[in-house]
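[1] coordinates only, sequence not included:
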Ligand code: PEP
Ligand code: MG
């Protein structure tokens, strides 16, 4: 029985009508990689690298980071590994960074904004990643992107990092796919434009929900209003997938919604190419997807997008599960 479970976990997630959706893992460090593979992860959809920077007195250096990224890539063999560059700010602080107190930190110097300001910190990470790139199937992803200009600036810094490595005699993979997280409403609305500047998107439903509904994701007083099943959020996801696919770009989803098996028919019907979640949710999600039909999922999504609120969306999903 145990063997059957393991075989099932490793098998792909293909719907009854033959539609495949890649099931990947979110992780924070090298140790979680082995665990995720045992649970059936087909890749890493989100490596939250900020955890390498936290709870210490100085940032991790290039060599230290290189070794970690290399080991994760080696552990995943040829499976894709999406590494998100440092996503600090908001509620996450680094004692060694000069971060002025902000009145609205979640609307402040966060994610890519902070990295574009602290260029050396960012470049050290980019160099470590470029060096690791020849050890596996690496993809790079920038967080909290709002504008086209931010993507261009980040790519310029990536090229600078590459040139500096080259001068030092270190060659790197030339074709590393570059993606962005879609977690700001403006980015979701501009997805068609942003798609032409990147190779892929990954939708961050945690922040997309927070910013779409204007509800702090960590504030208990408004927690009842925080719901990724709100049709406003679903409309954004629908629109982002559509915009990406029109431009021939790949689109995944890596917020908490991705690990919720109640959402399975919705995620399939939205046409996502990949969903990424904590390792423990992978087996149940794959099992659910295999029992679903893509065509029915499409139909269901059309219905859900017409509903007035998150409550009604959940009710329909509970009935269909
Ligand atoms: C998200 O915002 O949905 C996401 C995956 O990123 P994080 O939870 O790390 O902000
Ligand atoms: Mg986020």
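    Arrived safely. Bear in mind that the values here come from a model prediction, so they are computed numbers and not experimental data. Ligands and ions are numbered 1, 2, ... in the order given.

[2] Just grab the bridge partners of the closest residue to residue 253 other than its chain neighbours for me.
    Closest residue in space to residue 253, ignoring its immediate chain neighbours: residue 203 at 4.4 Å, by Cβ to Cβ, 6 or more residues apart in numbering. For glycine as for every other residue, the C-beta is placed from the backbone atoms N, C-alpha and C. Beta-bridge pairing of residue 203 under DSSP bridges involves residue 182, residue 253.

[3] was I right about residue 203 contacting residue 182?
    Yes - using Cβ atoms under 8 Å, residue 203 is in contact with residue 182, at 4.8 Å.

[4] Ramachandran angles for the most centrally placed residue in the chain?
    The centre of the chain sits closest to residue 254, judged by Cα atoms, centre = their mean, with a distance of 4.0 Å. With angles defined as degrees, to the nearest 10, residue 254 sits at phi -130, psi 10.

[5] pLDDT value on it, please?
    Per-residue confidence (pLDDT) for residue 254: 98.

[6] and if you look at residue 171?
    For residue 171, the model assigns a pLDDT of 81.

[7] Can you classify the closest residue to residue 96 other than its chain neighbours by secondary structure?
    In this structure, residue 96 finds its nearest non-sequential neighbour in residue 58, 5.3 Å apart by Cβ to Cβ, 6+ apart. Secondary structure state of residue 58, per DSSP: H, G, I helix; E, B strand; the rest coil, is coil.

[8] Against residue 124, how distant is residue 58?
    Using Cβ to Cβ, to the nearest Å, residue 58 is found at 11 Å from residue 124.

[9] of the two, who's got more company?
    Neighbours per residue (other Cβ atoms under 10 Å) separate residue 58 from residue 124, with residue 124 holding more: 21 against 9.

[10] how far does the longest helix along the chain sit from the chain's center?
    Ranked by residue count, the top helix of the chain under DSSP state H comes out as helix 148-167. Counting by Cα atoms, centre = their mean, to the nearest Å, helix 148-167 is centred 21 Å from the centre of its parent chain.

[11] what does the stretch 101-250 of the chain have sitting close to ligand 1?
    Proximity of the stretch 101-250 of the chain to ligand 1, by Cβ under 6 Å from any ligand atom, involves residues 183, 204-207.

[12] Pull the number of nearby residues for residue 308.
    9.

[13] Contacts made by stretch 224-232 with the rest, please.
    205-206, 208-210, 212-213, 215-217, 233, 255-257, 263, 304-310, 313-314, 317 (Cβ atoms under 8 Å, 6 or more residues apart in numbering).

[14] Just the buried residues of those.
    Burial by neighbour count, judged by 16 or more other Cβ atoms under 10 Å, picks out 205-206, 208-210, 212-213, 215-217, 233, 255-257, 263, 304, 307, 310, 313-314, 317 from the contacts of stretch 224-232.

[15] returning to that earlier point: and the residue nearest to residue 253, what does it touch?
    Per Cβ under 8 Å, 6+ apart, neighbours of residue 203: 181-183, 188, 237, 240, 251-255, 272.

[16] how about 6 Å then?
    182, 237, 240, 253 (Cβ atoms under 6 Å, 6 or more residues apart in numbering).

[17] Quick check: it vs ligand 2, distance?
    10 Å (Cβ to the ion, to the nearest Å).

[18] Just the pLDDT for that residue.
    Predicted confidence (pLDDT) for residue 203: 99.

[19] Show me the contact partners of stretch 185-202.
    Outside stretch 185-202, the residues that reach it (Cβ under 6 Å, 6+ apart) are 145-146, 148, 151, 177-182, 211-212, 236, 240, 243-244, 247, 249-252, 254.

[20] Also within reach of ligand 2: list those from those residues.
    Among the contacts of stretch 185-202, none lies close to ligand 2 by the criterion of Cβ under 5 Å from the ion.

[21] Of these, which belong to helices?
    Per DSSP H, the contacts of stretch 185-202 map to helices at 148, 151, 211-212, 236, 240, 243-244.

[22] With pLDDT added, can I get those residues in JSON lines?
    What follows is the ones in helices among the contacts of stretch 185-202, written out as JSON lines (pLDDT from 0 to 100):
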{"residue": "148", "pLDDT": "98"}
{"residue": "151", "pLDDT": "98"}
{"residue": "211", "pLDDT": "98"}
{"residue": "212", "pLDDT": "98"}
{"residue": "236", "pLDDT": "98"}
{"residue": "240", "pLDDT": "98"}
{"residue": "243", "pLDDT": "98"}
{"residue": "244", "pLDDT": "98"}
